[in-house]
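> Sequence first, predicted model second:
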Amino acid sequence: MSALLAKASRQGFLQAKTSISSQGACISTGRRFSRKKIALAVAGGVLGVGSVGVGMALLRPANAQELILHPPHYRWDFKGYFAAYDKASVRRGYQVYKQVCAACHTMEALCYRHLVDVCYSEREAKREAEEAMVWDGPNDAGQMFQRPGKLSDPFPKPYDNVEAAKAANNGAYPPDLGHVVLAREEAESYIFALLTGYCDPPAGYELADGMAYNPYFAGGAISMAQALYNEIIEYEDGTPATQSQLAKDVVTFLSWASDPDLEQRKKFGIKAGVVLFLMTPVAFYYKRFKFHTLYTQQIFWKKGK
């Protein structure tokens, strides 16, 4: 009797094992089939969405206000770890700022003393400051008065307040140029492209009164009219005052004005690099000398008696 029960249980176990194996095979076959279907569905969805997106992009009309021309990347001589500003270019750039840009834009972060030993001597900087009349006071009578400028005075402001500046510039406030280079993504290249990029608007683009078109400016319409033309000023050193030369010099000046201490930091960095280079082998030798006992010592354990 026990033999019959053992045989029956053995046959049942084999049948159950066979059915489980067949179910696993079916499940695995269905899993592979599902993955193929999922892959085909995903591919079809991607193609469908892509086709719809391309169709909408082609059917949508182009709007010139939404197009922004990115400025090319120009190579500037003062960029680099060992480069310095061209002092002659900085001086010419200050001349462009004084005769063209200062009529609308301020530069509150700079004083006339900052020009000393950069693009002017101390005597020239004093003479330059004295040409500007600065409000000061009050005097003994309690009244404000005008006096010639001094080296400690900042550059004069073209307008008394923000409202006067907006009223004179078609409702737009001219930004301060003290840090304008650092405030732009492409820095010097953007300012240069903006100053030299004025052109006629494309067909169908309507400009409001008092606006100019510049593809490098967001939206295209800019309140600032084209400021630089060929021979608009005459350089003191006789350099041809072409539009590109004027833009290059004023961008160089604005770059220096945004960070007047850049050259000093470069000099300090070079000195620090030389000192660290010379001190590295000394520090390495001192480290080996100080900790050589830790590397050469041996520890022996003695068994107690």
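Alright, I've got the coordinates.
> who touches the nearest residue to residue 234 once chain neighbours are set aside in this structure?
Nearest non-adjacent residue to residue 234, counting by Cβ to Cβ, 6 or more residues apart in numbering: residue 241, 6.3 Å away. All C-beta atoms are positioned from the backbone trio N, CA, C, and that covers glycine. Residues in contact with residue 241 (Cβ atoms under 8 Å, 6 or more residues apart in numbering) are 230, 231, 232, 233, 234, 235.
> Quickly note the distance from residue 225 to residue 103.
11 Å (Cβ to Cβ, to the nearest Å).
> now residue 169
10 Å.
> For those two, work out which one has more neighbours and name it.
Per other Cβ atoms under 10 Å, whichever of residue 169 and residue 103 has more neighbours is residue 169, with 16 against 12.
> surely that one meets residue 223?
Yes. When contacts are counted by Cβ atoms under 8 Å, residue 169 is listed as touching residue 223 (5.9 Å).
> Flag every buried residue along the host helix or strand of residue 274.
Assigned by DSSP states H and E, residue 274 belongs to helix 262-290. By neighbour count on 16 or more other Cβ atoms under 10 Å, the buried set for helix 262-290 is residue 266.
> How about stretch 120-134?
120, 125, 126, 128, 129, 130, 132.
> got a list of what the second one touches?
Right, the one you point to is residue 125. 112, 113, 115, 116, 151.
> wait, doesn't the fourth one sit right on residue 129?
Spelled out, it's residue 116. No. Using Cβ under 8 Å, residue 116 makes no contact with residue 129, being 10.3 Å away.
> list the residues that contact both of these two?
residue 151.
> The stretch 51-200 of the chain: strands as residue ranges?
Along the stretch 51-200 of the chain, counting by DSSP state E, counting those that start in this stretch, strands occupy 133-136, 145-148.
> So for residue 48, which of these sits nearest?
Among these, strand 133-136 comes nearest to residue 48, with 69.9 Å by Cβ to Cβ.
> what helices or strands is that closest one leaning on?
For strand 133-136, the elements it packs on are strand 145-148, judged by 3 or more Cβ pairs under 8 Å, 6 or more residues apart in numbering; DSSP states H and E.
> what does the strand it packs on contact?
If you take Cβ under 8 Å, 6+ apart as the criterion, strand 145-148 is touched by 129, 130, 131, 132, 133, 134, 135, 136, 137, 139.
> Equivalent analysis for stretch 258-275, please.
Residues contacting stretch 258-275 (Cβ under 8 Å, 6+ apart): 81-82, 84-85, 110, 114, 118, 178-182, 256.
> Swap in 10 Å and give it another go.
78, 80-85, 109-110, 114-115, 118, 177-184, 187-188, 255-256 (Cβ atoms under 10 Å, 6 or more residues apart in numbering).
> Spatially central residue for the chain, please.
residue 185 (3.2 Å; Cα atoms, centre = their mean).
> Tell me how the protein divides into domains.
The chain is divided into the following domains under automatic domain parsing: 18-60, 66-110+154-260, 263-295.
> Of those domains, which stretch is the most buried?
Stretch with highest mean neighbour count among these: domain 66-110+154-260 (a mean of 16; mean count of other Cβ atoms under 10 Å).
> Enumerate every residue touching the closest residue to residue 78 other than its chain neighbours.
Ranked by Cβ to Cβ, 6+ apart and with sequence neighbours excluded, the top spatial neighbour of residue 78 is residue 85, at 4.7 Å. Taking Cβ under 10 Å, 6+ apart as the contact definition, residue 85 lies against 76-78, 93, 118-119, 252-253, 255-256, 260, 262-263.
> per-residue confidence for the residue nearest to residue 234?
pLDDT for residue 241: 90.
> Among the strands of the stretch 51-200 of the chain, single out whichever gets nearest to residue 162.
Relative to residue 162, the nearest member of the strands of the stretch 51-200 of the chain by Cβ to Cβ is strand 133-136, separated by 17.6 Å.
> Any chance you could list what contacts that closest one?
The contact list for strand 133-136 (Cβ under 10 Å, 6+ apart) reads 144, 145, 146, 147, 148, 149, 150, 153, 154, 156, 160.
> Let's have the residues you listed in TSV, adding pLDDT and distance to residue 42.
Compiled in TSV, those are given as follows (pLDDT from 0 to 100; distance: Cβ to Cβ, whole Å):
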residue	pLDDT	distance to residue 42
144	87	76
145	86	79
146	87	76
147	89	78
148	91	77
149	89	72
150	91	74
153	90	69
154	91	64
156	89	66
160	86	65
